[in-house]
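Q: Need the 3D shape of this:
(one chain, ligands or ions: 2)
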Amino acid sequence: MRLVGLTGGIASGKSTVSNLFISEGFPVVDADVVARDVVKKGTGGWKKVVKEFGNDILLENGEIDRARLGHIVFSDPAKRQLLNRLLAPYICSGIFWEVFKLWIKGSKVIILDIPLLFESKMDQQTSPVIVVWVDPETQIKRLMARDGIPEEQAKNKINAQMALDQKKTKANIVIDNSGTVEETRLQFQKVLSQISRPLTWKEYALSRDGIFLLLTSAVVGQVHETKRVLKAARDTDEKDEMSKLNPNLREPFSSSSPPEDAVREEELQAYHLLSTAVGTTNHGGQLYDRSQDHHLHSSNAHSRAPLLPFPSLLSLIPFFGTPLFLMAAAKDCSETLKYQTLILKVSIHCEGCKKKVKKVLQNMEGVYKTTVDPQQHKVMVTGNVAAEILIKKLLKAGKHAELWPETKPLDIGGGGGSNNKKSKNKKPIEPSENIDNSQVSNGKDDSTQVSDKPESEASKNGSKEPPPPPEKEDEGNKSAATEGGGKKKGKKGQKENSNRSNDNKSGNASGGGGSATEVEVAPQEASKKAGAGGGVAIPPTFNFPVYTTSQLPSYLVSYNSMQPSMSHGGAYYTALPMLQSSYIYSTASPCSCYTCSDENSSACSIM
Ligand SMILES: CC(C)(COP(=O)(O)OP(=O)(O)OC[C@H]1O[C@@H](n2cnc3c(N)ncnc32)[C@H](O)[C@@H]1O)[C@@H](O)C(=O)NCCC(=O)NCCS
Ligand SMILES: Nc1ncnc2c1ncn2[C@@H]1O[C@H](COP(=O)(O)OP(=O)(O)OP(=O)(O)O)[C@@H](O)[C@H]1O
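A: Residues are numbered from 1 along each chain as shown. Ligands and ions are numbered 1, 2, ... in the order given. Below is the predicted model of the structure:
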């Protein structure tokens, strides 16, 4: 918003020029009109003036006799100063409300016609300042003619103000009104082009639209920040909950200090992310650039906004890089759209079991795709639901389930990029590095030990893919990579799938860590590799964990699967000691499948 100051001497021609502005469509706030309004009968200004100047200045109707009061104040400087002191607050607030009403309407340029602009120092709030100048002889003549007053009175009025020549020196623009009205109009046209020039950055920020944009940005920023903090809190809660469920899990990280024994990169990254979210550490983390957010918090400079009710809003001006900020917010939003594929081992014995498992999982919020391979008892679930929740749900439905050994979650939604990068830097985990050989390691750790090649083709491809959400459909036994590929992934996904199949056949379970397409390692092959590599021991055949339905399977993972964006794929597993299981997974169906259905669950005793 541009506040243009228009001033001059008494009878210099201010009203004449302001009428030209009005004819051009500019809104004008006239201080003389405001000054009249604030002394109307019964107002606060009226009461003050009557109290100080007495009832003698009142007309019969109770209104102030302006001519009488004018005579008093223009001939007595002390009385004039008293009147000014009494009315100044009312006049100022009156001008403010007039400006505010125009601001609400969306006016971008407002003309403030204020005779005492310099005297009241309101010129500091206006730019540019236009002074309507007239030569002294013409001024006195016009004043005497207009007001019908003698020269002496006219001189008193003129002398009650700052000298017009002095005002001229303070002006940004001077209009000489000594000539004809037409000459003044010509000058006005030139002034008009200056007044109508595009708003400056600051002027726009003070306009209604600018303030609205700033507020919107601030709200978006606040929502963005709140969302991130909530995510961090949920992440912490989740870890706490899992720790309670299984005390063998690692302690959740403190948000104030990194774990000293955090040897795995993903753990450190999880720490950074968590602590960055709650703002307790430096913001130099590689995972999340909060530089955009600094704009929101860093500025304490409270500039004063001219005549505006929200001076502190100016502190938001550094935040004006809205497009950049919105891009950051959009980036964060897109990160929340990440999905992962979890591979579970579920007791499936017949077609009915398969249907039931599918139905249970598909009905879960956050599950986007379920693929069941009854032969291998393998269920691949794409979505953003934590493994333990899936397992609990299946248990409730009477289906024994656990995480598929030697697998890691697939980050279908684009987290592969960062993971892939990490995989390049990943160093093999030494047996002494906080990994218990008695534990069954996750795929990530295994892969660093057993992989023959540092990075598979699939992982390279996977990291470059954009994050399309998987479609909610069941496509049988397609690979997880293909399933999650979405439209764009189409051909590439198939290629990845074949790559992965080849890997599995040859046993090259590359596991750079975080590749979206490196899903699983054939158990036998992986165990051979593990044995050969001397790393984490994997038994040649499956040992299935024993647990009752009140317990969670010992493959419970402690990565942030609910909020994959918080972990950026830097999931960490803590595999628990594998126990000899009495639970039987049989590829042979123990029941007659045509009698076994979801509707007829009693037909299959296992189901
Ligand atoms: C003295 C009053 C009653 C005279 O009223 P009147 O109707 O005769 O004149 P009007 O209000 O139209 O003012 C005419 C011009 O006088 C000059 N003027 C008015 N008040 C003052 C003042 N206090 N000091 C110097 N000049 C003044 C201005 O140039 C103004 O344009 C009235 O001007 C008044 O109440 N003045 C105090 C309020 C004020 O300061 N007004 C100026 C607004 S910035
Ligand atoms: N260029 C001009 N030629 C002739 N007369 C003019 C010209 N400009 C203004 N006047 C006359 O001079 C008088 C004062 O002009 P105007 O009312 O515009 O001055 P003002 O600065 O608004 O006065 P005030 O300070 O009292 O509000 C008016 O009677 C007006 O008609």
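
Q: Tally up the residues packed near Pro198, please.
A: Pro198 is flanked by 8 other residues according to other C-beta atoms under 10 Å. Yep, even glycine has a C-beta here, placed from its N, CA and C like the rest.

Q: Other residues contacting the host helix or strand of Gln194?
A: According to DSSP states H and E, Gln194 maps onto helix 181-195. Here helix 181-195 makes contact (C-beta atoms under 8 Å, 6 or more residues apart in numbering) with 2, 4, 13, 16-17, 20-21, 24, 26, 109, 128, 130, 173, 175-177.

Q: which of the residues you listed are close to ligand 2?
A: With C-beta under 6 Å from any ligand atom as the criterion, those include 13, 16, 177 near ligand 2.

Q: Can you say which of those residues are buried?
A: Neighbour-count burial (16 or more other C-beta atoms under 10 Å) applied to these gives 13, 16, 177.

Q: Quick one: the helices in the stretch 1-150 of the chain, in order.
A: With DSSP state H, counting those that start in this stretch, the ranges of helices along the stretch 1-150 of the chain come out as 14-23, 31-37, 44-53, 66-75, 77-105, 136-147.

Q: Give me the residues contacting the fourth one.
A: Counting contacts by C-beta under 8 Å, 6+ apart, the residues outside helix 66-75 that touch it are 36, 49, 53, 56-57, 79-80, 83, 153, 156-157, 160.

Q: just those residues now: which is nearest Ala401?
A: The nearest member of the contacts of helix 66-75 to Ala401, counting by C-beta to C-beta, is Arg36 at 82.9 Å.

Q: distance of the closest residue to that closest one other than its chain neighbours from ligand 2?
A: Excluding the flanking residues, the one nearest Arg36 by C-beta to C-beta, 6 or more residues apart in numbering is Arg66, at 7.9 Å. The gap separating Arg66 from ligand 2 is 12 Å, by C-beta to the nearest ligand atom, to the nearest Å.

Q: Count the residues that sit near Arg66.
A: Around Arg66 there are 13 residues (other C-beta under 10 Å).

Q: residue ranges with poor pLDDT in this protein?
A: For the chain, the stretches flagged by pLDDT under 70 are 237-338, 406-607.

Q: what does the domain assignment say about it?
A: Per automatic domain parsing, the structural domains of the chain span 2-202, 206-334, 340-603.

Q: Determine the longest helix present in the protein.
A: helix 208-245 (DSSP state H).

Q: could you give the angle of that one to helix 77-105?
A: 60 degrees (axes from the mean of the first three to the mean of the last three C-alpha atoms, to 10 degrees).

Q: and the chain, which residues reach ligand 2?
A: Counting by C-beta under 6 Å from any ligand atom, the residues of the chain close to ligand 2 are 8, 10-16, 32, 115, 142, 146, 177, 180-181, 184.

Q: Mind listing the strands the helix or strand where Val372 lies pairs with, and their directions?
A: Using DSSP H and E, Val372 falls within strand 367-373. Sheet partners assigned to strand 367-373 using DSSP bridges are listed as strand 378-383 (antiparallel).

Q: What residues sit buried inside the helix or strand following the strand it pairs with?
A: Next helix or strand after strand 378-383 toward the C-terminus (DSSP H and E): helix 387-396. For helix 387-396, burial by neighbour count (16+ other C-beta under 10 Å) applies to 387-395.

Q: which among these are in contact with ligand 1?
A: Of the buried residues of helix 387-396, not one also sits near ligand 1 (C-beta under 6 Å from any ligand atom).

Q: Make a markdown table from the helices of the stretch 1-150 of the chain and add distance to Lys354 to it.
A: A markdown table is the format used below for the helices of the stretch 1-150 of the chain (distance: least, C-beta to C-beta, whole Å):
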| stretch | distance to Lys354 |
| --- | --- |
| helix 14-23 | 80 |
| helix 31-37 | 81 |
| helix 44-53 | 82 |
| helix 66-75 | 95 |
| helix 77-105 | 64 |
| helix 136-147 | 99 |
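
Q: of those helices, which approaches Met122 most closely?
A: For Met122, the closest of the helices of the stretch 1-150 of the chain is helix 77-105, at 7.8 Å, according to C-beta to C-beta.

Q: The closest one - contacts with which helices or strands?
A: Where contact means 3 or more C-beta pairs under 8 Å, 6 or more residues apart in numbering; DSSP states H and E, helix 77-105 is packed against strand 28-30, helix 31-37, helix 44-53, helix 66-75, strand 109-113, helix 208-245.

Q: give me that answer again for 6 Å
A: Packing contacts for helix 77-105, counted by 3 or more C-beta pairs under 6 Å, 6 or more residues apart in numbering; DSSP states H and E, involve helix 31-37, helix 44-53, helix 66-75.

Q: that older thread, wait, which of the contacts of helix 181-195 is closest to ligand 1?
A: Ligand 1 lies nearest to Gly13 out of those, by C-beta to the nearest ligand atom, at 11.1 Å.

Q: how near is the closest residue to that closest one other than its chain neighbours to Ala401?
A: By the measure of C-beta to C-beta, 6+ apart, the closest residue to Gly13 outside its immediate chain neighbours is Asn177, 3.5 Å from it. From Asn177 across to Ala401, the span is 90 Å (C-beta to C-beta, to the nearest Å).

Q: Leu6 too?
A: 79 Å.

Q: quick one, what contacts Leu6?
A: 18, 111, 113, 130 (C-beta atoms under 6 Å, 6 or more residues apart in numbering).

Q: try it again with 8 Å
A: Counting by C-beta under 8 Å, 6+ apart, Leu6 touches 14, 17-18, 21, 28, 111-114, 117, 130, 132.

Q: quick one: which two of these are the most distant?
A: Using C-beta to C-beta, the contacts of Leu6 reach their maximum pairwise distance at Phe21 and Leu117, which is 15.2 Å.

Q: With neighbour numbers in mind, choose between the two.
A: Neighbour count, other C-beta under 10 Å: between Phe21 and Leu117, Leu117 has more, with 27 against 22.

Q: how much space between Ser15 and Ile22?
A: Plainly put, Ser15 is 10 Å away from Ile22 if you go by C-beta to C-beta.

Q: cool, and Asp165?
A: 28 Å.

Q: count of residues packed around Thr216?
A: 12.

Q: To Lys358, which of the helices and strands packed on helix 77-105 lies closest?
A: With C-beta to C-beta as the criterion, Lys358 lies closest to helix 31-37 of the helices and strands packed on helix 77-105, at 74.9 Å.

Q: May I see the buried residues of the helix holding Gln194?
A: Within helix 181-195, the residues scored as buried using 16+ other C-beta under 10 Å are 184, 187-188, 191, 195.

Q: any chance of these in a markdown table, with distance to Cys350 too?
A: Listed next are the buried residues of helix 181-195 as a markdown table, based on distance: C-beta to C-beta, whole Å:
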| residue | distance to Cys350 |
| --- | --- |
| Thr184 | 98 |
| Gln187 | 96 |
| Phe188 | 92 |
| Val191 | 90 |
| Ile195 | 84 |
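
Q: so which of those residues comes closest to Leu344?
A: Nearest to Leu344, judged by C-beta to C-beta, of the buried residues of helix 181-195 is Ile195 at 71.1 Å.
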